[in-house]
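Student: would you be able to build a 3D model of this:
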Amino acid sequence: MKAIEVNSHGGAEVLALAELADPVPGAGQLLVRLAACGVNYIDTYHRRGLYPRPLPFVPGTEGAGEVVAAGAGVDPAIVGRRVASADLAGAYAEFSLVNADRAVPLPDDLGDELGAAAMLQGMTAHYLVHDSYRVQPGDSVLVHAAAGGMGLLLTQYATALGARVIATASTPEKAELARTAGAAEVLGYDGFADAVRDLTGGEGVAAVYDGVGRSTFDGSLASLRRRGILVLYGQSSGPVPPFDPARLAAAGSLSLTRPTLTHFVVTADELNRRAGDVLRRVADGSLSLRIGARYPLAEARRAHEDLENRRTTGKLLLIP
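Tutor: Next up is the predicted model:
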């Protein structure tokens, strides 16, 4: 099969197209012929070695397609079904393995591309607004990078729960996308904390959803109301330097959490419940997914370069 392989950690140039042996499903596994693969920021962390993986490896964990083989202990009736997963063993490929209990059946009225695009970011947005900080009607929350794939979904979910979303975006075009997703106010990054205070009568927001990290961290803390929470779910601008936790007390008994999806889909029941809600909403149109760009598998390097240089909006997909 054709796949993207990483043989050394580094920049996007280490993403190399390779011919690899087709995977063979072991006990409890499925072999999926992928129709679409999701590109996510965590893939760049693996590529750079920020979250190390043994070399060589095929990057990516998210995709959707048809089950073409099942290993021992798996009901063979699943062969021929379409599934999606955020736990594939290397998604930048024509075929990938996944444990059967980590694959979610796709609704008949949902295409493979939307299925692939919905899993990781959709479930992340779901747990962020329902579990990391449970959004309440009337809350004001700040969503950074609101025109990205994650930001657009977070904005929609928080708005649907009754929140007033204040968003940040880097260009007028991105600001318009955030408004379309439901953002009540859209700010640039310069001086955003003061602007948030002005928009909330000096109080600050209940929660900040921050996937940017280093460059927004201090401003995010300064945007919070008393007992507010900073939900730091990513670090696209780089990791946050060490800081004194006493700052949280001095700023109003603030909280900080650094969650990751893995811990919010631990069991098959939790995975299916969370993914099921996302996929149903995408299928019925109540949750809109913007696919910002599609790349041939061989152009994975360009996809990473576009993502890291903030040239994208919405979700990026590789098409094997």
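Student: quick one: pLDDT of H263?
Tutor: pLDDT for H263: 97.
Student: tell me which helix or strand comes right after the biggest strand by length in the chain.
Tutor: Under DSSP state E, the strand in the chain containing the largest number of residues is strand 29-39. From strand 29-39 onward toward the C-terminus, using DSSP states H and E, the following helix or strand is helix 41-48.
Student: now do the longest strand of the chain: distance to the chain's middle.
Tutor: On the basis of Cα atoms, centre = their mean, to the nearest Å, strand 29-39 sits 17 Å off its chain's mean C-alpha point.
Student: what do you get for stretch 143-151?
Tutor: With Cα atoms, centre = their mean as the basis, stretch 143-151 stands 10 Å off its chain's centre.
Student: residues of it that come out buried?
Tutor: V143, H144, A145, A146, A147, G148, G149, M150, G151 (16 or more other Cβ atoms under 10 Å). (Glycine included, C-beta is placed from N, CA and C.)
Student: quick one: contacts for the fifth one?
Tutor: So that's A147. By Cβ atoms under 8 Å, 6 or more residues apart in numbering, the contact list for A147 reads A169, E173, K174, A175, L177, A178, T313, G314.
Student: report the buried residues of the one helix or strand the third one maps to.
Tutor: K174 is part of helix 172-180 when elements are defined by DSSP H and E. Counting neighbours by 16+ other Cβ under 10 Å, one finds that the buried residues in helix 172-180 are K174, A175, L177, A178, R179.
Student: just the buried residues of stretch 143-151: which are in strands?
Tutor: Reading strands off the buried residues of stretch 143-151 with DSSP E, I get V143.
Student: dump the buried residues of stretch 143-151 into JSON lines; add pLDDT and distance to R214 as well.
Tutor: Below are the buried residues of stretch 143-151 laid out as JSON lines (pLDDT from 0 to 100; distance: Cβ to Cβ, whole Å):
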{"residue": "V143", "pLDDT": "98", "distance to R214": "18"}
{"residue": "H144", "pLDDT": "98", "distance to R214": "12"}
{"residue": "A145", "pLDDT": "96", "distance to R214": "13"}
{"residue": "A146", "pLDDT": "97", "distance to R214": "19"}
{"residue": "A147", "pLDDT": "94", "distance to R214": "20"}
{"residue": "G148", "pLDDT": "92", "distance to R214": "17"}
{"residue": "G149", "pLDDT": "91", "distance to R214": "20"}
{"residue": "M150", "pLDDT": "94", "distance to R214": "17"}
{"residue": "G151", "pLDDT": "96", "distance to R214": "17"}
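Student: narrow the buried residues of stretch 143-151 to those in helices?
Tutor: G149, M150, G151 (DSSP state H).
Student: what's the second one in contact with, if anything?
Tutor: Taking Cβ under 8 Å, 6+ apart as the definition of contact, the neighbours of M150 are Q121, T124, A125, G211, Y233, G234.
Student: work out which residue lies at the spatial centre of the protein.
Tutor: Closest to where the C-alpha atoms of the chain average out (Cα atoms, centre = their mean) is Q121, at 3.0 Å.
Student: counting contacts, what elements does whichever strand or helix holds that residue pack onto?
Tutor: Counting by DSSP H and E, the element that carries Q121 is helix 112-127. Helix 112-127 sits against strand 29-39, strand 63-70, strand 82-85, helix 149-160, helix 268-284, strand 291-296, strand 315-319, with contacts defined as 3 or more Cβ pairs under 8 Å, 6 or more residues apart in numbering; DSSP states H and E.
Student: including distance to V129, could those go into CSV?
Tutor: Formatted as CSV, these follow (distance: least, Cβ to Cβ, whole Å):
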stretch, distance to V129
strand 29-39, 20
strand 63-70, 23
strand 82-85, 21
helix 149-160, 5
helix 268-284, 11
strand 291-296, 22
strand 315-319, 18
